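Enquirer: here are the coordinates; sequence isn't available:
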């Protein structure tokens, strides 16, 4: 190995440890997953705040977590992206509440659109952080939302009875599952980041 190869390997190792200490991959999955579970379980009602604020507030929360992480470990990611994405998510969600949009869509389509907007924010965050896992997870959520949007949600989950058993509408059941999957992926990623850092 040449001196250049050793230096490149050292730089890459430091870069991986720094990104792991910043929790670039895990925090977004955890926050978005928990938000999705909460709102899907309550049918996207105003609990604790209306959904049109919650999606954007998830990215503001990520900004705050970056600030806390920076004060504790001395390093933190550039946080401007979080606020810019929060603004984009808020604006896009608000636009879905225009009378023309609300009149054209049923409530289940609106829910799918709301979740897809937050997932698009996750993709934007992944692109800005060069974090392929965030891009992939965001893409999975957008794809599921597209299927939900284009299909009657009761047909989408025909034969699945757990939505009726626990009293959650079928559309929301899918969102709960998405939220749980994102949260579990976030926990696995967090554990990996802790080992690397």
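Expert: Structure's in. What do you need? None of the values given here were measured: they were computed from a predicted structure.

Enquirer: give me the low-pLDDT residue ranges for this protein?
Expert: Within the chain, the segments meeting pLDDT under 70 span 1, 3-21, 73-79, 152-170, 197.

Enquirer: Which positions within the strand or helix carrying residue 135 qualify as buried?
Expert: Element membership for residue 135, per DSSP states H and E: helix 132-150. Residues of helix 132-150 classed as buried: 133, 134, 135, 137, 138, 140, 141, 142, 144, 145, 148, 149 (neighbour count, 16 or more other CB atoms under 10 Å). Just so you know, the C-beta spots here come from the backbone N, C-alpha and C atoms, and that holds for glycine as well.

Enquirer: Not counting its own residues, what contacts it?
Expert: 25, 28-29, 108-109, 111-113, 115-116, 118-123, 125-127, 156, 171, 174, 178, 182, 185, 189 (CB atoms under 8 Å, 6 or more residues apart in numbering).

Enquirer: Out of these, which sit inside helices?
Expert: Using DSSP state H, 28-29, 108-109, 111-113, 115-116, 118-123, 125-127, 156, 171, 174, 178, 182, 185, 189 are the members of those that sit in helices.

Enquirer: buried subset of the residues you listed?
Expert: For the ones in helices among the contacts of helix 132-150, buried by 16+ other CB under 10 Å: 28-29, 108-109, 111-113, 115-116, 118-123, 125-126, 156, 171, 174, 178, 182, 185, 189.

Enquirer: Touching, residue 131 and residue 123? I think so.
Expert: No - taking CB atoms under 8 Å as the definition, residue 131 is not a contact partner of residue 123, at 10.2 Å.

Enquirer: who touches residue 123 in this structure?
Expert: Residue 123 makes contacts with 134, 135, 138, 139, 142, as judged by CB under 8 Å, 6+ apart.

Enquirer: TSV for those, including distance to residue 53?
Expert: As requested, these are exported to TSV (distance: CB to CB, whole Å):
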residue	distance to residue 53
134	22
135	25
138	20
139	25
142	21
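
Enquirer: And the furthest pair within those residues?
Expert: Within the contacts of residue 123, 134 and 142 form the most distant pair, 12.3 Å apart (CB to CB).

Enquirer: Just want the most central residue of the chain.
Expert: Nearest to the mean C-alpha position of the chain, by CA atoms, centre = their mean, lies residue 32 at 3.6 Å.

Enquirer: Report the secondary structure state of it.
Expert: The assignment at residue 32 comes out as helix when based on DSSP: H, G, I helix; E, B strand; the rest coil.

Enquirer: what do you get for residue 43?
Expert: coil.

Enquirer: If we ignore the residues flanking it in sequence, what's nearest it?
Expert: Excluding the flanking residues, the one nearest residue 43 by CB to CB, 6 or more residues apart in numbering is residue 172, at 5.5 Å.
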